[in-house]
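>>> Sequence and predicted structure, then a few things I'm wondering about:
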Amino acid sequence: MAFRGTTQTMNRLSASDSALAVLPENALLEEVEAIVTNPSLDADVAVIGGGPGGYTAAIRAAQLGASVVVIEKAQVGGTCLNWGCIPTKALLAGVEVLDTVRRAKEFGVNIAGEITFDWAKMQSRKDRIVSQLVKGVELLLKELNVRIIHGSGRLLNPTTVEVDTGSGKEVLRVGNIILATGSTPVSLSTPGLSGEGVWNSDDILQMARPPKSLLVIGAGAVGLEFGDICATLGAKVTVVELMPQVLPATDTEVANELEKSLTKKGIRVYTSSKALQAERVEGGFRVALQTPKGDQTVEVENILVAVGRRPNLESLGLEKAGIHIERNRVTVNDKMQTNTAGVYAIGDIVPGPQLAHKASAEGIMAAENCMGKLSRMDYRAIPACVYTYPEVASVGMSQEAAQDAGRETHIGRFPFRVLGKALAIGDRTGFVKIVADAKYGEVLGVHIIGPSATDLIGEAALAMKMEASVEDIARTVHPHPTLTEALMEAALDAQGESISQLSG
């Protein structure tokens, strides 16, 4: 007997695996049809937030036949596309070219005259790339008949969203809601760390020129990437990190190698340290630092505060929908469902790392579950990337995390300095490190510092997703000469069978 019912009935049932399990497969398909053709709704799915998680969720829901509305108070693409991932990578690309040109003689290339850069053109190129991608997202949504409403959305109840467009308010009755409101930079209450000249990650993208000197507070991905950009453009950069290492969540061996590279570049790094106060002086700031070697003072033109991001949960009306929040994050299950049926949450506002690709994956899961397609989020293989020079990328457990979990491990390493392709392109810094289960050889984590690390990590993520062993990677024929051979060699090393490096 086919199951029939209202949209709200289906939403309540979708909150329970056991309820879904008793329905015949064709009944789910029939009910999805009922959802997407319900004429009493303004939209089958309302997505609040048009960032990488939100617009991906909207696209997937529309592909599955839903009528979709995206509510976005600024531009689609969110932080990642407009103020984060894409613009910083565009600037980093320009900085990389500059660094390569400065090393031209190493490759037998002679460049006459002084090597300079044009900051205005770098910024203009960045803005063109962002604009092109924003238009591309808008076109994708338009082609799928996704309606975009520019304004701020809040829940009146689990099935009703009010949108404040600035010129009026619109109330939407919807079948499902996906919360994808992202996050904003955290500020500090430290005396003197506010006002003109004190930047967050949004501000620094709009700087009129690179500073002559910069203090970066926070040695996570954002702080180190901007510090690297400014250092390469000639700034005297100081980095202060409260935790014992840069990139606190990264494998310690990799973090230490990155700190060495940053120091060689002229960046001063203080770990286990903090800024006590800042005072304005002629030309910028004088900042008092507390470090393991005693109190220090630095004078800088500008300060970048990069200590993390807080979820955008204010004014969403979560209490009216009865949505549970814990530690300032929305509580969800692996189907991205909140405790309120028909309401989903994804991205920076839910637990886990605040990464664009994680948000996008969660958006797909949420959209599919909205439409009766049972999908579960798998967090075992979420890669993390840092686009400094050298690049850093990782997926899975660090060696320390594996040890803390009581796992007996074998470690495989391979340095880029002996790899043919790395030598050929003149980029020999770093290594690949594989953490493997000692008994079965299962890949538990992969950590890379070096050339194209953020691209190479994709193979490692796939290996972990497929529950591959180090032998699987080692026995896979990798093309020569390529940087991917470093993964193969590290896998061989984990088995004590390295071909291209001496043992010990």
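Arrived safely, thanks for sending. Numbering: from 1, shown residues only.

>>> Quick check, central residue of the chain?
For the chain, the residue nearest the mean C-alpha position is L355 (2.3 Å; C-alpha atoms, centre = their mean).

>>> can you pull the pLDDT of that residue?
On pLDDT, L355 comes in at 96.

>>> Might one say that it is in contact with Y379?
No: under the criterion of C-beta atoms under 8 Å, L355 makes no contact with Y379, lying 11.0 Å away. For glycine as for every other residue, the C-beta is placed from the backbone atoms N, C-alpha and C.

>>> hmm, back to that, the residue nearest to the centre of the chain and R309, how far apart?
Distance, L355 to R309, by C-beta to C-beta, to the nearest Å: 11 Å.

>>> same check, this time on I457
Separation of I457 from R309 (C-beta to C-beta): 22 Å.

>>> So for the two, which residue has more residues nearby?
Neighbours per residue (other C-beta atoms under 10 Å) separate I457 from R309, with I457 holding more: 24 against 19.

>>> for that one, helix, strand, or coil?
helix (DSSP: H, G, I helix; E, B strand; the rest coil).

>>> can you check L214 too?
Classified using three-state DSSP, L214 is strand.

>>> burial of it, as a residue count?
Each residue near L214 was counted by other C-beta under 10 Å, and the total is 26.

>>> Pretty sure L233 is one of the things it touches, is it not?
No: proximity of L214 to L233 does not meet the contact threshold set by C-beta under 8 Å, at 10.1 Å.

>>> Can you list the helices and strands that the helix or strand where S360 lies packs against?
If you go by DSSP states H and E, S360 is part of helix 356-370. Under the contact criterion of 3 or more C-beta pairs under 8 Å, 6 or more residues apart in numbering; DSSP states H and E, helix 356-370 touches strand 43-48, helix 52-63, strand 169-179, strand 343-345.

>>> angle of it against helix 52-63?
Counting by axes from the mean of the first three to the mean of the last three C-alpha atoms, to 10 degrees, helix 356-370 points 30 degrees away from the direction of helix 52-63.

>>> Give me the contact list for helix 356-370.
Residues outside helix 356-370 that contact it (C-beta atoms under 8 Å, 6 or more residues apart in numbering) are 14, 44-45, 51-58, 60-61, 64, 66, 80, 84-85, 175-176, 178, 180, 182, 334-337, 344-348, 350, 352, 374-377, 382-383.

>>> Please pick the buried ones from those residues.
Buried members of these, scored by 16 or more other C-beta atoms under 10 Å, are 14, 44-45, 51-58, 60-61, 64, 66, 80, 84-85, 175-176, 178, 180, 182, 335-337, 344-348, 350, 375, 377, 382-383.

>>> tell me the helices in the stretch 201-350 of the chain, going along the chain?
201-205, 221-232, 252-264 (DSSP state H, counting those that start in this stretch).

>>> most packed of these?
A comparison of the helices of the stretch 201-350 of the chain by mean neighbour count, using mean count of other C-beta atoms under 10 Å, puts helix 221-232 on top with a mean of 24.

>>> mean confidence for that helix?
Here the average pLDDT along helix 221-232 is 97.

>>> so A112 sits in a strand?
No: remark: A112 does not belong to a strand; assigned using three-state DSSP, it is coil.

>>> quick one: it and R60, what's the gap?
In terms of C-beta to C-beta, A112 sits 53 Å off from R60.
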